[in-house]
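Peer 1: Based on what follows, work out the 3D shape:
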Amino acid sequence: MTKVKSKVWLAWSSGKDSAFALSELSKREDLEVAGLFTSVTAEFERVSMHSTRMTLLQQQAEALGLPLEIVLLPSPCSNEEYAKRMAKLLSKAKSAGISKMAFGDLYLDDVRAYRETMLAGTGLEPIFPLWKRPTRELANEMIRYGLKAVLTSVDPSKLDGAFVGREFGERLLADLPATVDPCGENGEFHTFVYAHPMFKFPIPIRRGAIVQRDGFFFADVIPEAG
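Peer 2: Numbering: from 1, shown residues only. Sure thing, here's the model as predicted:
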């Protein structure tokens, strides 16, 4: 008798952690990743912090062959408004037969606690496929797996802004200061994934301008056809 798989939506940041979390979820015989969800700043049509253009976000979903739910957020967005819009997403997930929501968090207990509180009482179970994985080993595993990404934002209070726009790879890991987490879990940097073994096609991109805004360095990643 075929066991019914639990349907999962994955929080998709457009970066390496969520991309590798998808790979780990795909190995589980008890789960089916049925879709992705992402919050986007409506005014700029970009993923917050990663600064990924919404067009590129949609190309990632197309490359994976997965439906994408986009939660549009105002700028600025109060905690109350964020909770209200996420509640609508969670209600939609339940209506679609989703029973679990997956997140690519690594080890920040406060972030995990927030996710768990957000889902408490909804009937949706939070799962964390990368939780407590040693980040040096995890970063190297991502690279060996064939995941390709570029650093789209850097917090200069934690990492030299010159790292923005660089390729996430072995050379980058070798150059990172010892104080910086290899996966950027403390907010040192964020990434955009343009190639992945589960993608049906790589996403052609070019690197645009590097700007400093709101205390961060951002490297614009532009669709090659754009």
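
Peer 1: OK, contacts around His196?
Peer 2: 19, 23, 63-64, 146-148 (CB atoms under 8 Å, 6 or more residues apart in numbering). Where C-beta positions appear, they are placed from N, C-alpha and C, glycine not excepted.

Peer 1: repeat that for 10 Å
Peer 2: Residues in contact with His196 (CB atoms under 10 Å, 6 or more residues apart in numbering) are 16, 19-20, 22-23, 60, 63-64, 142, 145-149, 202-203.

Peer 1: mind listing what's buried in stretch 176-192?
Peer 2: Using 16 or more other CB atoms under 10 Å as the test for burial, stretch 176-192 gives 176, 180-192.

Peer 1: So which of the contacts of His196 wins on neighbours?
Peer 2: Ala19 (28 neighbours; other CB atoms under 10 Å).

Peer 1: On the three-state scheme, that residue is what?
Peer 2: Ala19 falls in the helix class when you classify it by DSSP: H, G, I helix; E, B strand; the rest coil.

Peer 1: got the contact list for it?
Peer 2: Counting by CB under 10 Å, 6+ apart, Ala19 makes contact with 10, 12-13, 60, 64, 104, 142, 145, 147-149, 191-193, 195-199.

Peer 1: Out of those, which sit inside helices?
Peer 2: Secondary structure from DSSP state H places 60, 64, 142, 145 of the contacts of Ala19 in helices.

Peer 1: Serialize these to JSON lines and add fields for distance to Ala42.
Peer 2: Output for the ones in helices among the contacts of Ala19, formatted as JSON lines (distance: CB to CB, whole Å):
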{"residue": "Gln60", "distance to Ala42": "19"}
{"residue": "Leu64", "distance to Ala42": "23"}
{"residue": "Met142", "distance to Ala42": "31"}
{"residue": "Tyr145", "distance to Ala42": "33"}
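
Peer 1: Which of those residues sits closest to Val164?
Peer 2: The closest of those to Val164 turns out to be Met142 (CB to CB; 18.9 Å).

Peer 1: Convert the C-alpha atoms of stretch 92-104 to CSV, please.
Peer 2: What follows is stretch 92-104, C-alpha atoms only, in CSV (Å, rounded to 0.1, in the frame of the first residue of the first chain):
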residue,chain,number,x,y,z
LYS,A,92,-4.4,29.4,2.0
ALA,A,93,-1.8,26.7,2.7
LYS,A,94,-4.3,24.8,4.9
SER,A,95,-7.0,25.1,2.2
ALA,A,96,-4.5,23.6,-0.4
GLY,A,97,-4.0,20.5,1.8
ILE,A,98,-0.6,21.6,3.1
SER,A,99,0.3,20.1,6.5
LYS,A,100,3.9,21.3,7.0
MET,A,101,5.9,24.5,6.4
ALA,A,102,9.7,24.1,5.9
PHE,A,103,12.4,26.7,6.7
GLY,A,104,16.1,26.8,5.8
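
Peer 1: low-confidence ranges in the chain?
Peer 2: Under the criterion pLDDT under 70, the flagged ranges of the chain are 1-2, 225-226.
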